[in-house]
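Undergrad: Here is my input, please return the structure:
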Amino acid sequence: MPATPAPLVDTTAPAAGPADIRLIVTDMDGTLLDDAQRIPDGLWPMLAELRRRGVLFSPASGRQYATLARQFAEVAEGMVFIAENGTYVVRDGVELGSAPLERSVAADLARTVRRLVADGVDVGAVVCGKRSAYVERTDEAFLAEVRKYYVEHRVVEDVTAVEDDVIKVALFDFGPAERTTAPALAAFAATHQVVVSGEHWVDVMHPAANKGAALRGLQRELGITPAQTMVFGDYLNDLEMLDAADWSYAMSNAHPEVVRRARHLAPSNTDNGVLRTVAEVLGIPLP
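TA: Numbering: from 1, shown residues only. The predicted structure is shown next:
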């Protein structure tokens with residue numbers, strides 16, 4: 001693993017607000033972003049205020065690192081990105097941690113998807129490497145979904161032959177992934193992380209990889225406790241992350257299991273729930 005960069009926040013500084021929050025971690029889709037996948041305008045002045053107070057803000061998403069870095073390009077300096085559902089953690093272009101997937105498992109998943117397609121399931125695989133994502137399926141409907149989350153992607157003839165460190169295999173199902181694709185991956189679930197990360201997405205990862213494991217590693221590195229951590233999520237890939245924070249919030253639009261797991265409920269993503277909650281807890285005026 002590359003050398004650890006300098007500390008990100010001063011954990012000995014006075015409390016950041018009415019609550020001593022030092023780290024805010026939020027999912028993106030269905031949580032921070034609105035239903036048109038836009039970052040709320042009010043986030044940018046809030047990030048400046050959080051930085052002034054010594055509070056680290058970290059996006060944690062199933063999205064690719066390159067996608068997250070582009071979305072936060074103007075404020076990315078010093079920001080930690082928990083990408084690919086915790087399998088790739090990066091700050092300022094430097095890898096802080098990763099959990100690669102065995103190449104044989106990635107190849108088996110690709111072949112499983114090919115069999116599902118042959119059986120009539122409308123699904124496609126995205127083999128996620130550190131440098132790029134790789135797909136075999138070339139129809140525009142599928143590629144349009146890929147582009148939303150993977151700005152760096154390549155169409156290849158055979159995804160099992162790519163030369164990259166594979167950190168995740170994501171499956172996009174045009175139907176309900178929780179009922180169709182996820183059950184077809186039961187054999188992989190016995191040995192690896194198989195998580196439904198959205199209505200149409202299922203991700204397969206290293207058995208020890210998830211957003212929560214990545215967050216706990218970041219907390220250890222920074223000397224920040226769960227009591228000083230605020231987390232927001234909406235879907236099943238956020239569950240372990242919620243467990244790592246005392247200030248854990250499910251969005252009101254969240255999956256029922258996420259609502260049960262979180263300690264608190266925030267307004268929905270379409271009602272600016274993340275910003276409103278941070279503003280209330282830390283005493284930051286909204287613009």
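Undergrad: Could you pull up the contacting residues of Asp63?
TA: Wrong residue type there; residue 63 is Arg, not Asp. Shown in contact with Arg63 (C-beta atoms under 8 Å, 6 or more residues apart in numbering): 28-29, 83-84, 149-150. (Glycine included, C-beta is placed from N, CA and C.)
Undergrad: Just the C-alphas of stretch 200-216, formatted as PDB.
TA: Written as PDB, here are the backbone C-alpha positions of stretch 200-216 (Å, rounded to 0.1, in the frame of the first residue of the first chain):
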ATOM      1  CA  HIS A 200     -31.100  -2.400 -10.900                       C
ATOM      2  CA  TRP A 201     -27.500  -3.000  -9.600                       C
ATOM      3  CA  VAL A 202     -25.800  -5.900  -7.900                       C
ATOM      4  CA  ASP A 203     -22.100  -5.700  -6.900                       C
ATOM      5  CA  VAL A 204     -19.800  -8.600  -6.200                       C
ATOM      6  CA  MET A 205     -16.600  -7.800  -4.200                       C
ATOM      7  CA  HIS A 206     -13.900  -9.200  -2.100                       C
ATOM      8  CA  PRO A 207     -15.400 -11.000   1.000                       C
ATOM      9  CA  ALA A 208     -14.000  -8.400   3.400                       C
ATOM     10  CA  ALA A 209     -14.900  -5.300   1.300                       C
ATOM     11  CA  ASN A 210     -17.800  -2.900   2.000                       C
ATOM     12  CA  LYS A 211     -18.200   0.700   2.700                       C
ATOM     13  CA  GLY A 212     -18.200   0.100   6.400                       C
ATOM     14  CA  ALA A 213     -14.800  -1.600   6.400                       C
ATOM     15  CA  ALA A 214     -13.400   1.300   4.400                       C
ATOM     16  CA  LEU A 215     -14.900   3.800   6.800                       C
ATOM     17  CA  ARG A 216     -13.500   2.000   9.900                       C
END
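Undergrad: Out of the contacts of Arg63, which is nearest to Ala190?
TA: Comparing the contacts of Arg63 against Ala190 with C-beta to C-beta picks out Glu84 as the nearest, at 21.7 Å.
Undergrad: Which residue comes closest to Thr138 once chain neighbours are left out?
TA: Closest residue to Thr138 apart from its sequence neighbours, by C-beta to C-beta, 6 or more residues apart in numbering: Val155 at 5.7 Å.
Undergrad: Next, count neighbours for that neighbour.
TA: 12 (other C-beta atoms under 10 Å).
Undergrad: what does the one 5 residues further on give?
TA: The local packing of Thr160 (other C-beta under 10 Å) involves 18 other residues.
Undergrad: Can you tell me the SS state at it?
TA: Following DSSP: H, G, I helix; E, B strand; the rest coil, Thr160 is assigned to helix.
Undergrad: Which SSE is immediately downstream of the helix or strand containing Leu143?
TA: Leu143 belongs to helix 140-149 when assigned by DSSP states H and E. Using DSSP H and E, the helix or strand that follows helix 140-149 in sequence is strand 153-155.
Undergrad: which stretches of the stretch 1-150 of the chain have low pLDDT?
TA: Counting by pLDDT under 70, the stretch 1-150 of the chain shows low-confidence ranges at 1-18.
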